[in-house]
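Trainee: give me coordinates for this.
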Amino acid sequence: MEICYKQIGIVRSEFKSREQHHEYEHGEGSAIIEIFPEYEEGLLDIEKHFSHCFVIFHMHLAEDIGLTLHPFLDPKYPKIGVFASGGPFRPNPVAITPCRIVKVDGNKLYLKGLDAMDGSPVIDIKPYSPQHYGVVNPRVAKWEEEHHGKGPKDTS
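Mentor: Residues are numbered from 1 along each chain as shown. Coordinates of the predicted model:
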């Protein structure tokens with residue numbers, strides 16, 4: 001079965017290279033999503049009703065490195081399966097990132113906290129609602145907390 005998605009826009013981001021992206025601290029990135037004209041109406045009132053959204057995008061620069069890897073490509077961590085990793089190396093290079101909505105201006109959605117590379121194709125945008133997506137007391141890997149710290153990223 002072939003699965004096809006429509007690209008609804010493109011990311012305009014400060015991350016122009018992989019090196020810049022590796023230096024990124026979660027929650028610090030600012031970006032603009034340029035929504036294609038035929039989807040602009042879909043932005044109606046998103047900033048009026050929601051402070052945050054999920055951006056679902058294609059990681060167009062990701063490479064396939066197999067089904068197991070070291071977290072953060074650091075051999076000090078034990079190998080894990082790709083589905084136990086949030087990194088870009090996966091069979092389908094699709095990412096989802098929660099972001100703070102800064103503003104909407106025409107077909108442009110201004111965000112804080114988007115970790116997408118410049119030029120990344122946007123597949124969808126969904127409003128964040130803690131009633132639907134909030135998880136109480138999730139368990140995460142020790143290496144994840146060691147690398148990123150405890151608690152959610154701050155996009156306020």
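Trainee: tell me how far the longest strand anywhere in the chain is from the chain's mean position?
Mentor: For the chain, the strand with the greatest residue count under DSSP state E is strand 94-105. Distance of strand 94-105 from the chain centroid (CA atoms, centre = their mean, to the nearest Å) equals 8 Å.
Trainee: partner strands of the next helix or strand after it, with direction?
Mentor: Counting by DSSP states H and E, the element after strand 94-105 in chain order, helix or strand, is strand 108-112. Strand 108-112 has the following strand partners under DSSP bridges: strand 30-35 (antiparallel), strand 94-105 (antiparallel).
Trainee: now strand 108-112: how far from the chain's centre is it?
Mentor: Distance of strand 108-112 from its chain centroid, counting by CA atoms, centre = their mean, is 13 Å.
Trainee: what mean pLDDT would you report for it?
Mentor: Mean pLDDT, strand 108-112: 97.
Trainee: contacts for it?
Mentor: Strand 108-112 is contacted from outside by 9, 27, 29-35, 43, 46, 53, 55, 99-104, 125, 155, using CB atoms under 8 Å, 6 or more residues apart in numbering. Every C-beta, even on glycine, is put in place using the N, C-alpha and C of the backbone.
Trainee: can you check stretch 137-148 too?
Mentor: 26, 71, 72, 77, 80, 84.
Trainee: pretty sure the third one sits against residue 87.
Mentor: Yes: with contact defined as CB atoms under 8 Å, residue 72 reaches residue 87; the gap is 7.2 Å.
Trainee: okay, buried residues for the longest helix belonging to the chain please.
Mentor: Ranked by residue count and defined by DSSP state H, the top helix of the chain is helix 142-148. By 16 or more other CB atoms under 10 Å, the buried positions in helix 142-148 come out as 143, 144.
Trainee: on that earlier part again, just say which of the strands paired with strand 108-112 is most tucked in.
Mentor: By mean neighbour count, with neighbours taken as mean count of other CB atoms under 10 Å, strand 30-35 ranks first of the strands paired with strand 108-112 at a mean of 20.
Trainee: now do that strand: distance to the chain's middle.
Mentor: Distance of strand 30-35 from the chain centroid (CA atoms, centre = their mean) equals 12 Å.
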